[in-house]
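In: A structural model of the following input is requested.
(4 chains)
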There are 2 protein chains.
Amino acid sequence: MKPSLWNTLYKLSLLLTQEKSLKTSTTRLSDKFGLAQQTVSRHLIILERLGLIERHVTVKGEEIKITTKGLDELRNVYFRLKSIFEGISETFIFEGRLFSGIGEAAYYMSLKTYRDQFIEKLGFDPYPGTLNLKLLSTSDVIAKKELEAHLGIEIESFKDKKRTYGSAKCFKAKINDKIDGAVVIVDRSHYNDSVLEVIAPVYIREKLSLKDGNIVRVETFAKTD
Amino acid sequence: MKPSLWNTLYKLSLLLTQEKSLKTSTTRLSDKFGLAQQTVSRHLIILERLGLIERHVTVKGEEIKITTKGLDELRNVYFRLKSIFEGISETFIFEGRLFSGIGEAAYYMSLKTYRDQFIEKLGFDPYPGTLNLKLLSTSDVIAKKELEAHLGIEIESFKDKKRTYGSAKCFKAKINDKIDGAVVIVDRSHYNDSVLEVIAPVYIREKLSLKDGNIVRVETFAKTD
DNA sequence: ATTACTAATATCCGAGTAG
DNA sequence: TCTACTCGGATATTAGTAA
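Out: Numbers count the residues shown, from 1 in each chain, chains lettered A, B, ... in the order given. As a prediction, the model looks like this:
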């Protein structure tokens, strides 16, 4: 997302206050934003196409509302700035329903470059495969975004002859108050925001006698410095 | 400040974490920021000129530190986003040392357009003149910035044949726990951030028997919706 | 390696204006 | 009035290099 667009979204949010919609015109906004009417119009069109705002355009003006996706975009910056200015350690607690993935993670985790990094940076040799948890509440999904904004343990990307392997970020975690492991947030995951991927030095499913559908509790520890 | 520059400052802050300095190179940064090395170089030059960062450039790389001014720039956005996402009422308490201004404020406050707005929006006809308080601690200065990010009572700008008269933002306030008045934050004030300007329907100095140098306590109430 | 200049290119903005 | 199109000019970015 282009900085100038983000700026327009941000300034919109300052006028909208709370999830209410705003009835205004591009001319009035251009005045407030210090941009030309045409520029505001163009920005609004793009923001709408990106799904960040919703509009109801009439010949007399328009009504604008920031979508959940748009708010997420802003919240992400908010959380990152928060972790800078209120730089304190925080504990995040998640609850999710266990489900089976397609076993892809096991392949990636067995790659030497990744595995060596896990051992070096997390201090354990992870069991190949992740425990996938579907987060149950939106507050957990938002908390995950906040966690993501914190500094974690960085797993670096690398490439071989064929392709590039993406980066990831880990946070030490405790699973069901028993097992020490880590939450892995993959940069370009095929899962969406509502899925938490957990790794540990042991096979968690077996150790905790878990089956698909079980609720699992994960406590993570984020430090900001 | 241009959005693209703000973006670079913001991304820098994510790497710097806490007021530490960062030893890196424009190439490494260009990688992280998704910009060309030349663009990063140019941005850093401009940010430095604006006094938002400090650099120590060598032929082997450079060391970057975000200045107080730069952090303020980021904090401002942080506070505004905070008031959106944590939209709650807040009380701010300031303590400042009374000093005499040049009496300019009295002139402005006597202008009909301003005065009418004060009466309508604040509910009182202000004594012409402001009580100027020099804030004593940096935490108070930061609190003032946070207050500024909240929604206040807007006093609109206007123009006559000669010039434009700027806008301002007010927050209801209680002075020394006795007098009800308001804090006025003038958009382009000739005072800096460490000065708080207070108005009231009465002549505060007299009512509270205040003299230059006295410490005055101001409690303000900010609502976010 | 670096940083950062100059010049070419890509992108963005806003004046004019249609609908 | 309004939104939003086209298009020329402004601005920002990047490629090619020098130091």
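In: for the lowest-mean-pLDDT helix or strand in chain A, packing partners?
Out: Using mean pLDDT, DSSP states H and E, strand A:158-159 stands out as the lowest-scoring helix or strand of chain A, at a mean of 80. Secondary-structure packing of strand A:158-159 (3 or more Cβ pairs under 8 Å, 6 or more residues apart in numbering or on different chains; DSSP states H and E): strand A:164-165. Glycine gets a C-beta too; all of them are placed from N, C-alpha and C.
In: again, only this time at 10 Å
Out: Strand A:158-159 is packed against helix A:112-122, strand A:164-165, with contacts defined by 3 or more Cβ pairs under 10 Å, 6 or more residues apart in numbering or on different chains; DSSP states H and E.
In: how many other residues sit next to the nearest residue to residue A:124 once chain neighbours are set aside?
Out: Spatial nearest neighbour of residue A:124, excluding adjacent residues (Cβ to Cβ, 6 or more residues apart in numbering or on different chains): residue A:201 at 3.9 Å. By other Cβ atoms under 10 Å in any protein chain shown, 17 other residues sit near residue A:201.
In: quick one, what contacts the residue most central in space within chain A?
Out: Centroid-nearest residue in chain A: residue A:145, 4.0 Å away (criterion: Cα atoms, centre = their mean). Listed by Cβ atoms under 10 Å, 6 or more residues apart in numbering or on different chains, the contact set of residue A:145 reads A:72, A:75, A:76, A:78, A:79, A:193.
In: Help me confirm that the first one is found in a strand?
Out: Same thing as residue A:72. No: secondary structure of residue A:72 (DSSP: H, G, I helix; E, B strand; the rest coil): helix, not part of a strand.
In: Which element, helix or strand, includes residue A:220?
Out: strand A:215-222 (DSSP states H and E).
In: Tell me the strands beside that strand, with direction?
Out: Paired neighbours of strand A:215-222 in the sheet (DSSP bridges): strand A:90-99 (antiparallel), strand A:168-175 (antiparallel).
In: Tell me which helix or strand comes right after the longest one, heading toward the C-terminus.
Out: Past strand A:90-99, further along toward the C-terminus, the next helix or strand under DSSP H and E is helix A:104-110.
In: One more: the shortest one?
Out: Taking DSSP H and E as the definition, the helix or strand that follows strand A:168-175 towards the C-terminus is strand A:179-186.
In: Tell me which other helices or strands the very next helix or strand once past that following strand touches.
Out: Toward the C-terminus, strand A:179-186 is succeeded by strand A:195-199 as the next helix or strand (DSSP H and E). Judged by 3+ Cβ pairs under 10 Å, 6+ apart, strand A:195-199 is in contact with strand A:90-99, helix A:104-110, strand A:131-135, helix A:138-149, strand A:168-175, strand A:179-186, strand A:215-222.
In: now with 7 Å?
Out: Using 3 or more Cβ pairs under 7 Å, 6 or more residues apart in numbering or on different chains; DSSP states H and E as the contact test, the elements touching strand A:195-199 are strand A:131-135, strand A:179-186.
In: Buried residues in the shortest one, which are they?
Out: Of the residues in strand A:131-135, those scored as buried under the neighbour-count criterion (16 or more other Cβ atoms under 10 Å in any protein chain shown) are A:131, A:132, A:133, A:135.
In: what about stretch A:39-50 and chain B, touching?
Out: No: shown here: stretch A:39-50 not in contact with chain B (Cβ under 7 Å from any Cβ of the partner chain), separated by at least 11.0 Å.
In: Now do the buried residues in that stretch.
Out: For stretch A:39-50, the neighbour count (16+ other Cβ under 10 Å) marks A:39, A:40, A:41, A:43, A:44, A:46, A:47, A:48 as buried.
In: Which pair in these has the greatest spatial separation?
Out: Within the buried residues of stretch A:39-50, A:39 and A:48 form the most distant pair, 14.9 Å apart (Cβ to Cβ).
In: one step back: let me know the closest of the contacts of residue A:145 to DNA strand D.
Out: Distance to DNA strand D across the contacts of residue A:145 (Cβ to the nearest atom of the strand) is lowest for residue A:76, with 20.1 Å.
In: doesn't residue A:149 make contact with the closest one?
Out: Yes: counting by Cβ atoms under 7 Å, residue A:76 touches residue A:149, with 6.4 Å between them.
In: Looking at those two, which has the bigger crowd around it?
Out: Taking other Cβ under 10 Å, residue A:76 and residue A:149 do not tie; residue A:149 has more neighbours (21 against 15).
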